[in-house]
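Asker: Using only what follows, build the 3D model:
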Amino acid sequence: MRDPYEVLGVQRGASSAAIKSAFRKLAKKHHPDANKGDPKAADRFAELNTANEILGDEDKRKQFDRGEIDAEGKPKFQSFESGFPGGGGGRRAGPGGFEYSFRTGGNPGGPGAGGYASGGAFEDILKSMFGGQAGAGMGAGGPGGPRGGAGTFEYDAPFAADLDLNVTMSVALEEAVQGATRRVRLPTGKELNVKIPAGVTAGQQIRLKGQGETAPGHRPGDVLITVNIAPHPYFKVDGNDLRLELPITLYEAVLGAKVRVPTLDGAVQLSIPKNTSSGRTFRLKGKGMPIKGATGADGAGDLFATTRIVLPDANDAELEALMEKWRTEHPTNPRSDFE
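Answerer: Residues are numbered from 1 along each chain as shown. Sure thing, here's the model as predicted:
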């Protein structure tokens, strides 16, 4: 994964507005719908989404700048010393765009100095090596628990191994709505096709039974994939609805117009009435996210398009003269309620 600043073509000191603008331009250019003949367009678009997830979020951007997360947004694994003695845990990056976590326990100053009295990561290692039982050692401990002494570990009863893998996967909004199949590589190195069901929502989990870790004497664990929906260049998800900021010109706002509005299943025409102000919201029924279990007219949420009047980039003497004349002949105060 390339440096997100390089992906978006911005400097490290770029403002949030510059990053947002760069992402929108590149997302529009590389969107798969605009490059249907290019098989690599989806990969470029996914790379843009990942870069924007980091740089578009102030906290994640600071973490990346400090070297705490990598270019895919995963915490960088520091060392075993930060994860084992003293308890705690950590996260490790795995191949294929996934990340997985490990838990640790133990208390170097606790019972059986030199050992780790509360299992944790060493417990998991022993589980996988001995299928629930570890060999003899020194020290004393309760039944079924760890006993430590002089760096040795001992278990005198079988226990259940936690062989599940928890991973995350980012999908494009279109994939979440329409469904898709992804070829993924798990942290175990195994590659397989994962079906993303249509209508999947952020935070939803996909379980792959029997695809997790293995250990002698235990059933294979599962892979639990938590779905994240990558930020979209136009739409914001609001429950089952979508929200869109719709730019219009000054003359379209004053005179009215028919404008094209993007939706997840193609652009539609929207009539803008005369004398439309910025901030006016139009509802496009059924153009939002699919609703699980619902059909027909109520099978999807709505799309809410909010207008934003955009003035010309450069100064326009003719427009300024017109506005000065208008100000003289038609004085108004839209802030009169503040007084």
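
Asker: Surely E191 touches Q211?
Answerer: No: E191 is beyond contact range of Q211, at 10.8 Å (criterion: C-beta atoms under 8 Å). In short, each C-beta sits where N, CA and C put it, glycine included.

Asker: Touching, A257 and Q269? I think so.
Answerer: No: assessed by C-beta under 8 Å, A257 is found out of contact with Q269, at 10.1 Å.

Asker: quick one, which of those two is more surrounded?
Answerer: A257 (16 against 8; other C-beta atoms under 10 Å).

Asker: residue closest to the middle of the chain?
Answerer: N228 (4.0 Å; C-alpha atoms, centre = their mean).

Asker: Direction included, what does the helix or strand that contains that residue pair up with?
Answerer: Using DSSP states H and E, N228 sits in strand 223-229. As defined by DSSP bridges, the strand partners of strand 223-229 come to strand 165-171 (parallel), strand 205-208 (antiparallel).

Asker: Quick check: buried residues in it?
Answerer: Applying a neighbour-count criterion of 16 or more other C-beta atoms under 10 Å, one finds 223-225, 227, 229 buried in strand 223-229.

Asker: Farthest-apart pair in those, please.
Answerer: Spatially, the most separated pair among the buried residues of strand 223-229 is V223 and I229, at 19.4 Å (C-beta to C-beta).

Asker: how many other residues sit next to E175?
Answerer: E175 has 21 nearby residues by other C-beta under 10 Å.

Asker: give me phi/psi at it?
Answerer: E175 adopts backbone torsions of phi -70, psi -40, taken as degrees, to the nearest 10.

Asker: Please name the residues that touch it.
Answerer: I196 (C-beta atoms under 8 Å, 6 or more residues apart in numbering).

Asker: repeat that for 10 Å
Answerer: Residues near E175 by C-beta atoms under 10 Å, 6 or more residues apart in numbering: 32, 42, 46, 181-182, 196, 198, 200, 227, 229-230.

Asker: same thing with A176?
Answerer: Applying C-beta under 10 Å, 6+ apart, the residues near A176 are 196-202, 204, 227-230, 232, 237, 264, 289-290.

Asker: Q205 touches N228, doesn't it?
Answerer: No: with contact defined as C-beta atoms under 10 Å, Q205 does not count as touching N228 (11.4 Å).

Asker: so what sits against both of the two?
Answerer: Here Q205 and N228 have T168 as joint contacts, going by C-beta under 10 Å, 6+ apart.

Asker: From L224, how far out is L322?
Answerer: Computed as C-beta to C-beta, to the nearest Å, the L322 to L224 distance reads 62 Å.

Asker: Kindly report the same for R327.
Answerer: Note on R327: its distance to L224, by C-beta to C-beta, is 62 Å.

Asker: Check L270 too.
Answerer: The value you get for L270 to L224, if C-beta to C-beta is used, is 41 Å.

Asker: What of K292?
Answerer: 19 Å.

Asker: tell me the SS of T181?
Answerer: strand (DSSP: H, G, I helix; E, B strand; the rest coil).
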